[in-house]
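show me the folded form of this:
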Amino acid sequence: MRYSQRLRSAVLRKVLPPESRPITDVGEEFGISVQTIQSWIRLAGKGILSPEDSATAPKAKPIAERFELILEGARRSEEEKGAWLREKGLHEEHLVLWEQEIRSSMTEKDNQVKTENAALKKRNRELQKELARKEKALAELAALLTLKKKLGEILADDEDD
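All right, here's what the predicted structure looks like:
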């Protein structure tokens, strides 16, 4: 039977100092054999298993750490992968689910970027049309001012004659 990291940590906290409760009492409390608890104590002594609940639950891991674990798991051979997963406190399903989550996140992000691009392109076209309309109006105004100035000069010349 496999036990979660959280359960192992809870058991180790009870049997190791400062609590130092008897292994048999803790084993009965949690329904775990004395031999299993003793092996966890040996692993904790070697530094392989920590009595602290420092390992965050697989669901609570940040996305960047999940991605790194997926990549690291992909580099391992099938023989190494099992030991590596046990060492990390993971299951193969975690890697598969995380990969699916990352793919769907990337797809959503891609769709969001496409939507934003389409909206920005539409806004750009609208602004280009407005700019062209204003430039056309400005050119008309400049032409009218030029004609008015020439008309003023023509009328001024006629008065001089």
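
what's the neighbour count on His94?
Using other C-beta atoms under 10 Å, His94 is surrounded by 19 other residues. The C-beta positions use only the backbone N, C-alpha and C, and glycine is treated the same way.

likewise Ile37?
Around Ile37 there are 20 residues (other C-beta under 10 Å).

from here on, count from 20
Yep, numbering from 20; the last one is Ile56 now.

and it, how far from Arg27?
9 Å (C-beta to C-beta, to the nearest Å).

same deal with Glu172?
99 Å.

likewise Ala175?
Look at Ala175 and Arg27: by C-beta to C-beta, they are 103 Å apart.

neighbour-wise, which of those two wins?
Arg27 (23 against 9).

apart from its neighbours in sequence, what residue is nearest the residue nearest the centre of the chain?
Central residue of the chain (C-alpha atoms, centre = their mean): Ile82, 4.5 Å from the mean position. Spatial nearest neighbour of Ile82, excluding adjacent residues (C-beta to C-beta, 6 or more residues apart in numbering): Ile121 at 7.1 Å.

just Arg27 next, same as before
Trp59 (5.7 Å).

which helices and strands sit right next to the helix or strand containing the one you found?
Taking DSSP states H and E as the criterion, Trp59 maps to helix 53-65. Using 3 or more C-beta pairs under 8 Å, 6 or more residues apart in numbering; DSSP states H and E, the elements in contact with helix 53-65 are helix 24-34, helix 42-49.

just the CA trace of the last one, in PDB.
Read it as helix 42-49. Extracted as PDB, the C-alpha positions of helix 42-49 are listed here (Å, rounded to 0.1, in the frame of the first residue of the first chain):
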ATOM      1  CA  ILE A  42       6.100   3.500  17.200                       C
ATOM      2  CA  THR A  43       3.500   0.900  18.200                       C
ATOM      3  CA  ASP A  44       1.100   3.600  19.500                       C
ATOM      4  CA  VAL A  45       1.500   5.700  16.300                       C
ATOM      5  CA  GLY A  46       1.100   2.600  14.100                       C
ATOM      6  CA  GLU A  47      -2.100   1.700  15.800                       C
ATOM      7  CA  GLU A  48      -3.400   5.200  15.600                       C
ATOM      8  CA  PHE A  49      -2.800   5.500  11.800                       C
END
